[in-house]
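Asker: Build me a model:
(chains A and B)
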Amino acid sequence: MMLITCPHCGPRAQAEFTYERTVDSVVQPGTDPAGAMERLFTRANPRGLDDEIWRHTFGCRAWLVMTRHRVTHAIEAIRAVGPEALP
Amino acid sequence: MTKYSALGLLRGVFNGQSHWQPAWRDPEPKASYDIVIIGGGGHGLATAYYLASVHGIRNIAVLEKSWIGGGNTGRNTTLVRSNYRQKPLHDFFEFGLKMWERLSDELNYNVMFSPRGALMLGHSDSDMAMLAQRGDAMRVDRIDAELLSRDQVAKLEPQLDMSRDARFPIDGGLIQRRGGTARHDAVAWGYARAADQLGVDIIQKCEVTGFVRQGDAVVGVETSRGQIGAGRTAICVAGHSGHVAAMAGLKLPVESQTLQALVTEGVKPMINGVIMSQSLHCYISQSDKGGIVMGGDPDNWPSYAQRGQPMVTEGAIAQAIALVPALSRLRMLRTWGGVTDMSFDGSPIIGTTPVPNLFLNGGWCYGGFKATPASGWTYAHTLATGTPHALNAPFDLGRFARGDTIDENGVGPMPNHR
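Answerer: Numbers count the residues shown, from 1 in each chain, chains lettered A, B, ... in the order given. This next block holds a predicted model:
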């Protein structure tokens, strides 16, 4: 189980968090159909680092973005989600 | 290569079993092949076997980065069934189930297919309505399905907690009597041996690190054992589909997650068939060695680690114990995790790709083992002819853009909510 440092609550067990989707799969208003299609239905799915949206569902319920390695599970960075956090 | 037979076993009694030979060769890779299959799991080996046996293409290599059958073929719960709800899945998996029924004879290798019955439990009126609907859909497509009453379920699996105050009360079930289990290693080994006999080169410890391109087209692969030319190249790497496809510049509709399972110590027969609850998400069966094999939800977050977190297995165990209380007395022997390529509609992808000469077989989610024969057979057809067979045509990569997904669970493009 990963130890995830919530930007609001500090280090908490992974059991309190749920994974939502990757940052690059968020469809912004105004995206053209081909772009929306790519964002909804494909993933880079790297065997390495990716930016993921998680939620502290069973804690403060805030959203956060986590840069995490998909093989080692090492967490490189966590930041709170605001309008500037999304592409 | 000698044919395996009862007489051969008997002969072995008198020669101290000294007649056994390696079941497949360990060849050096050639400079090029007509078809190179990336991935020596059950699906890749089956594809090679059907290319050689059905289509007469024998200049084939199967490249495996570690040892054959060491990925998801060896990391599942060995269930075989075709009790789906939608027509494309019916056609595909029922074709596969019929292949399972004669697979041991065809391969001359005992895959220990055991059609002991696959039972889905219903826990409420609405569950029973859903099961009846599923059963009707199956029967319309001439697949065996039988709706069972509460008493029938109790008789079939006496270890189930049938009391009215059970945590998950049981109201009945839907059984596919032709479903069951098979021996996972034997499936990989049987296909490997049969393919090898037809001249297929199975090359282990050979990791693909890139594609050789000529213009847009793929004309070979870079591997840890040198460059290998290929007329056609077939990706068949389950959880690593996204990683390998990215080497060719493709972004796939898959996300890799961990799926775990576990087995207890061996005990005398106590679970007669396969018990499933899809309202919960729990699979229980008993291996031929006596261990109780259990599985549940995937870990629901991306990982390539081949290990999961105990929290998820604990959930599956809690469900299993609620259904079969006697399981609480057993000790867990081991757990394992595999990397599953969760597709965006829960259905597999078998077919061509936008890259010339490059083909894809992946997106199996947590349901790949049962598909092994049909997957190999249809992928072989696609590779040999360059076009999909009617059975795998609906499972093409383009269906997501067309809005023609095969979404058995009806949850939309969310690989982590399946």
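Asker: C-alpha from now on. contacts and neighbour counts both.
Answerer: Fine.
Asker: Any chance of the backbone angles for the spatially closest residue to residue B:395 that is not a sequence neighbour?
Answerer: Excluding its sequence neighbours, the residue lying closest to residue B:395 (C-alpha to C-alpha, 6 or more residues apart in numbering or on different chains) is residue B:349, at 5.0 Å. Main-chain torsions, residue B:349, degrees, to the nearest 10: phi -120, psi 120.
Asker: Surely residue B:349 and residue B:399 touch.
Answerer: No. Residue B:349 sits out of contact with residue B:399 when judged by C-alpha atoms under 8 Å, with a separation of 9.3 Å.
Asker: Could you check how far the most centrally placed residue in chain A is from residue A:65?
Answerer: The centroid of chain A falls nearest to residue A:53 when counting by C-alpha atoms, centre = their mean (1.7 Å). Look at residue A:53 and residue A:65: by C-alpha to C-alpha, to the nearest Å, they are 5 Å apart.
Asker: rewinding a little: which helix or which strand is home to the residue nearest to the centre of chain A?
Answerer: Assessed by DSSP states H and E, residue A:53 sits inside strand A:49-55.
Asker: Name the strands paired with the helix or strand following that strand and say parallel or antiparallel.
Answerer: Next helix or strand after strand A:49-55 toward the C-terminus (DSSP H and E): strand A:63-69. Using DSSP bridges, strand A:63-69 pairs in its sheet with strand A:49-55 (antiparallel), strand A:75-80 (antiparallel).
Asker: returning to what we had before: for the residue nearest to the centre of chain A, give the beta-bridge partners.
Answerer: residue A:21, residue A:65.
Asker: shared neighbours of residue A:53 and residue A:65, anything?
Answerer: residue A:23 (C-alpha atoms under 8 Å, 6 or more residues apart in numbering or on different chains).
Asker: that older thread, more crowded one of residue B:349 and residue B:399?
Answerer: Neighbour totals were compared for residue B:349 and residue B:399, and residue B:349 leads with 24 against 15 (other C-alpha atoms under 10 Å in any protein chain shown).
Asker: per-residue confidence at the more buried one?
Answerer: At residue B:349, the predicted lDDT confidence score is 98.
Asker: where's it relative to residue B:304, distance?
Answerer: 20 Å.
Asker: Kindly report the same for residue B:409.
Answerer: In this view, residue B:409 and residue B:304 are 24 Å apart by C-alpha to C-alpha.
Asker: out of these two, which sits in the more crowded spot?
Answerer: Taking other C-alpha under 10 Å, residue B:409 and residue B:304 do not tie; residue B:304 has more neighbours (26 against 12).
Asker: Remind me which helix or strand that one belongs to.
Answerer: In this structure, residue B:304 sits in neither a helix nor a strand according to DSSP H and E.
Asker: can you count the residues close to the residue lying closest to it once chain neighbours are set aside?
Answerer: Spatially, and ignoring its direct neighbours in sequence, residue B:304 is nearest to residue A:71 (4.9 Å; C-alpha to C-alpha, 6+ apart). By the measure other C-alpha under 10 Å, the count of residues near residue A:71 is 16.
Asker: Could you do residue B:217 as well?
Answerer: So residue B:217, with other C-alpha under 10 Å, has 17 neighbours.
Asker: Pull up the residues of chain A that are close to chain B.
Answerer: Within chain A, the positions near chain B by C-alpha under 8 Å from any C-alpha of the partner chain are A:1, A:15, A:19-20, A:37, A:40-47, A:70-73.
Asker: Report the contact partners of residue 6.
Answerer: The chain I'm using is chain A. So residue A:6 contacts A:12, A:56, A:64, A:78 (C-alpha under 8 Å, 6+ apart).
Asker: hey, what's the first one bridged with?
Answerer: In this structure, residue A:12 bridges to residue A:4 when assessed by DSSP bridges.
Asker: Give me the phi and psi for the residue most central in space within chain B.
Answerer: In chain B, the C-alpha nearest the mean C-alpha coordinate belongs to residue B:369, at 1.4 Å (C-alpha atoms, centre = their mean). Reported as degrees, to the nearest 10, the phi and psi values for residue B:369 are phi -60, psi -50.
Asker: So it sits against residue B:78, correct?
Answerer: Yes. Contact criterion C-alpha under 8 Å: residue B:369 and residue B:78 qualify, at 6.4 Å.
Asker: any shared contact partners between those two?
Answerer: What both residue B:369 and residue B:78 touch, as defined by C-alpha under 8 Å, 6+ apart, is the set residue B:184.
Asker: Show me what counts as buried in stretch B:217-236.
Answerer: Buried residues in stretch B:217-236, defined by neighbour count with 16 or more other C-alpha atoms under 10 Å in any protein chain shown: B:217-223, B:227-236.
Asker: One more: stretch B:245-252?
Answerer: Applying a neighbour-count criterion of 16+ other C-alpha under 10 Å, one finds B:245, B:246, B:248, B:250, B:251, B:252 buried in stretch B:245-252.
Asker: ok, the fourth one - contacts?
Answerer: Read that as residue B:250. residue B:242.
Asker: now residue B:412, nearest residue through space, not along the chain?
Answerer: Counting by C-alpha to C-alpha, 6+ apart, residue B:412 lies nearest to residue B:345, which is 6.4 Å off, once chain neighbours are set aside.
Asker: burial count for the one you found?
Answerer: 26.
Asker: Which pLDDT value goes with it?
Answerer: 93.
Asker: In chain A, what residue comes closest to chain B?
Answerer: In chain A, the residue that lies nearest chain B is residue A:42 (4.1 Å; C-alpha to the nearest C-alpha).
Asker: for the closest residue to residue A:17 other than its chain neighbours, what are its contacts?
Answerer: Leaving out its chain neighbours, the residue that sits closest to residue A:17 by C-alpha to C-alpha, 6+ apart is residue A:56, at 4.5 Å. For residue A:56, the contact set (C-alpha under 8 Å, 6+ apart) comprises A:6, A:16, A:17, A:18, A:62, A:63, A:64.
Asker: and what of residue B:31?
Answerer: Contact analysis of residue B:31 by C-alpha under 8 Å, 6+ apart lists B:227, B:228, B:229.
Asker: Residue B:393 now?
Answerer: Taking C-alpha under 8 Å, 6+ apart as the test, what residue B:393 contacts is B:350, B:351.
Asker: re earlier: which pair in the buried residues of stretch B:245-252 has the greatest spatial separation?
Answerer: B:248 and B:252 (11.0 Å; C-alpha to C-alpha).
Asker: which residues touch the one residue in the stretch 251-400 of chain B that gets nearest to chain A?
Answerer: In the stretch 251-400 of chain B, no residue comes nearer to chain A than residue B:253, which is 4.1 Å away by C-alpha to the nearest C-alpha. With contact set as C-alpha under 8 Å, 6+ apart, residue B:253 has these partners: A:41, A:42, A:43, B:343, B:344, B:363.
Asker: mind putting the contacts of residue A:56 in CSV, distance to residue B:332 and pLDDT included?
Answerer: Formatted as CSV, the contacts of residue A:56 follow (distance: C-alpha to C-alpha, whole Å; pLDDT from 0 to 100):
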residue, distance to residue B:332, pLDDT
A:6, 34, 95
A:16, 26, 97
A:17, 27, 96
A:18, 27, 95
A:62, 37, 92
A:63, 36, 92
A:64, 36, 94
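Asker: Please pick the buried ones from those.
Answerer: Among these, those scoring as buried are A:6, A:17, A:18, A:62, A:63, A:64 (criterion: 16+ other C-alpha under 10 Å).
Asker: that older thread, model confidence over the strand holding residue A:53, on average?
Answerer: Computed over strand A:49-55, the average pLDDT equals 96.
Asker: Now do the buried residues in it.
Answerer: Residues of strand A:49-55 classed as buried: A:49, A:50, A:51, A:52, A:53, A:54, A:55 (neighbour count, 16+ other C-alpha under 10 Å).
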